[in-house]
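Q: kindly generate the corresponding structure for this input.
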Amino acid sequence: MTATGTAPAQLDQPVEPVGKGGAHRAASSGNRARTLLRHAANPTLLLGVVAPFAVYELLHGRTSDVTALAVGAAFPAAATLWTLVRTRRPDPISLMTLAGIVLGLVGALLFDSPLFLLLKESVVTGTIGLVFLGSLLAARPLTFVMGRSMMATTDAERSAYDATWELAPVQAGHRRITLQWGAALVTDAAVRTVLAFVLTPGTLLAVSPLIAAVVIGPVAIMTLARRRRAAARMAAAAPRA
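A: A predicted model of the protein is given here:
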């Protein structure tokens, strides 16, 4: 759900010296180009977004929509399985994604309808969004729990992270960002569901990344900014050696 190493992280880099502008600008441009290339070649992006669309376009007209979408769904399934094997951790989101793909395949094959495969992402995304919204009723919302698991790896870091919950702005901020993520994910799922009944499968596969960028992208950027602020608070609260 969250991603690290994105462009906003560059804001934490030091300002370049004035006297070495040309060389530093060239190096900075090269670094940005390599960063963009690395993200463009990300296996998750290639297997989860590009491959299904390319496979569908290749097989469309040569076989049924169900077969074309089913073959394309094998690629994000393989990417999800690889993530589970590589991390050796039962990530709930990866498991839900894999379950959605399997259920979509079963439904599409049983009822000979591509709609099941087109709706699989909406089901997973909408469910995750409802989990975010439901966590607002818990003692601590989901973003705080997820942030703790990602950012605090030692006892001292976990203690420092937990201590930030005593601050009223931290509580309000986590509840606000949890609400934003929940609303964005549910909205994304609702838009995809409506479009699945209106657009052709190929068109829906093509516009899906744009939907995610417009609906979820702003929340992801705000989350990265909040993560930097949380890391700064943890550093300030950590006991000095």
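
Q: what ranges do the strands span in this protein?
A: Applying DSSP state E to the chain gives no strands.

Q: ranges for the helices of it?
A: Using DSSP state H, the helices of the chain run over 21-40, 43-45, 51-59, 65-87, 92-111, 115-134, 142-151, 155-163, 168-198, 201-215, 217-237.

Q: what angle do the fourth one and helix 92-111 make?
A: For helix 65-87 and helix 92-111, the angle between their directions (axes from the mean of the first three to the mean of the last three Cα atoms, to 10 degrees) works out to 160 degrees.

Q: now do the longest one
A: For helix 168-198 against helix 92-111, the angle between stretch directions is 20 degrees (the same axes, to 10 degrees).

Q: what comes up buried for helix 168-198?
A: 170, 173-175, 177-182, 184-189, 191-193, 195-196 (16 or more other Cβ atoms under 10 Å). Where you see a C-beta, it was placed from the backbone N, CA and C, and this is true even at glycine.

Q: and the angle from that helix to helix 155-163?
A: Using the same axes, to 10 degrees: helix 168-198 against helix 155-163 is 80 degrees.

Q: which helices and strands sit right next to helix 168-198?
A: helix 115-134, helix 142-151, helix 201-215, helix 217-237 (3 or more Cβ pairs under 8 Å, 6 or more residues apart in numbering; DSSP states H and E).

Q: among the ones you listed, which is nearest T164?
A: Closest approach to T164 among the helices and strands packed on helix 168-198 (Cβ to Cβ): helix 217-237, 5.4 Å.

Q: pull the helix or strand with minimum mean pLDDT from the chain.
A: helix 21-40 (a mean of 49; mean pLDDT, DSSP states H and E).

Q: what sits against the residue nearest to L115 when sequence neighbours are not counted?
A: Nearest residue to L115, sequence neighbours excluded (Cβ to Cβ, 6 or more residues apart in numbering): A196, at 6.3 Å. Counting by Cβ atoms under 8 Å, 6 or more residues apart in numbering, A196 touches 115, 118-119, 122, 204.

Q: for this protein, give me the ranges with low pLDDT.
A: 1-45, 90, 230, 233-234, 237-241 (pLDDT under 70).

Q: kindly recompute the last result at 80.
A: The chain contains residues with pLDDT under 80 at 1-49, 83, 87-94, 150-153, 226-227, 229-241.

Q: tell me, how many residues neighbour T200?
A: 13 (other Cβ atoms under 10 Å).

Q: where's I221 relative to V198, distance?
A: Distance, I221 to V198, using Cβ to Cβ, to the nearest Å: 29 Å.

Q: cool, G173 as well?
A: Counting by Cβ to Cβ, the gap from G173 to V198 is 37 Å.

Q: what bridges to T63?
A: Here T63 sits in beta bridges with H60, going by DSSP bridges.

Q: neighbours of it, how many?
A: T63 - counted by other Cβ under 10 Å - has 12 other residues nearby.
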